[in-house]
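Asks: Any chance you could fold what I've pasted below:
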Amino acid sequence: MSVAEPRRIVLFRHAKADWPQVTDHERPLAERGRKDAAVAGRRLVDIGVPIDLALCSTAVRTRETWKIAVHEFPQRPKTVYEERIYEASPGELIALLNETPDDVRDAVLIGHNPGIQGLADILSGQAEGDAGERMRSRGFPAAAFAVLSFDGSWKSLEPGLATLLDYWAPAE
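Replies: Predicted coordinates for the structure are as follows:
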């Protein structure tokens, strides 16, 4: 793939988690989270972003979110479970994305707030339609995702470089 072709990154927050007596990292999805993860997966398929690579936090709730969402996809992309996503800052997430091989055109990062929302805000230099307004007004609730596009290599991804193409959040 040419680095001149636009790349897309989907920033996907894990679905609604339960609060059992386990460590934060081990929290599973709540029933509503399982439903919302499936709806989010269908929505990602409907908007037509063919994911080449999934980078997923190792936390139980993110792994469960991705397992349910990707079940809706016609083809499962390569998935890498990455410890560095858990509790990562937007800057740490950009550094991780900068490591993505250039043969990957479209990627999804399944993670946590406040990092995911912060990353969407920081990367978005502009927005198409009302996507930016919807993201600002809704925030980044559980199971929400933002689709961003940028030109250049993954190594060149930096604040303000991307365009927010779409934003979705489940109805609450």
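
Asks: Looks to me like residue 125 is in a strand.
Replies: Yes - assigned with DSSP: H, G, I helix; E, B strand; the rest coil, residue 125 falls within a strand.

Asks: so how far is residue 165 from it?
Replies: According to CB to CB, to the nearest Å, residue 125 and residue 165 sit 12 Å apart. Heads up, the C-betas are built off the backbone N, CA and C, glycines and all.

Asks: between these two, who's got more neighbours?
Replies: For the pair residue 125 and residue 165, the greater number of neighbours falls to residue 165 (19 against 14), based on other CB atoms under 10 Å.

Asks: what about the more buried one, which SS state?
Replies: Under three-state DSSP, the three-state class of residue 165 is strand.

Asks: just checking, it touches residue 147?
Replies: Yes - using CB atoms under 8 Å, residue 165 is in contact with residue 147, at 4.6 Å.

Asks: Any chance you could list residues touching both of those two?
Replies: Common contacts of residue 165 and residue 147, defined by CB atoms under 8 Å, 6 or more residues apart in numbering, comprise residue 8.

Asks: how close does residue 18 get to residue 91?
Replies: 30 Å.

Asks: And for residue 31?
Replies: Remark: distance between residue 31 and residue 91 (CB to CB) = 35 Å.

Asks: now swap in residue 85 and tell me
Replies: Relative to residue 91, residue 85 is positioned 13 Å away (CB to CB).

Asks: Which of the two has more residues huddled nearby?
Replies: residue 85 (23 against 13).

Asks: Just list whatever residues bridge to the closest residue to the more buried one other than its chain neighbours.
Replies: Nearest residue to residue 85 in three dimensions, chain neighbours excluded: residue 57, at 3.8 Å (CB to CB, 6 or more residues apart in numbering). Going by DSSP bridges, residue 57 is paired in beta bridges with residue 82.
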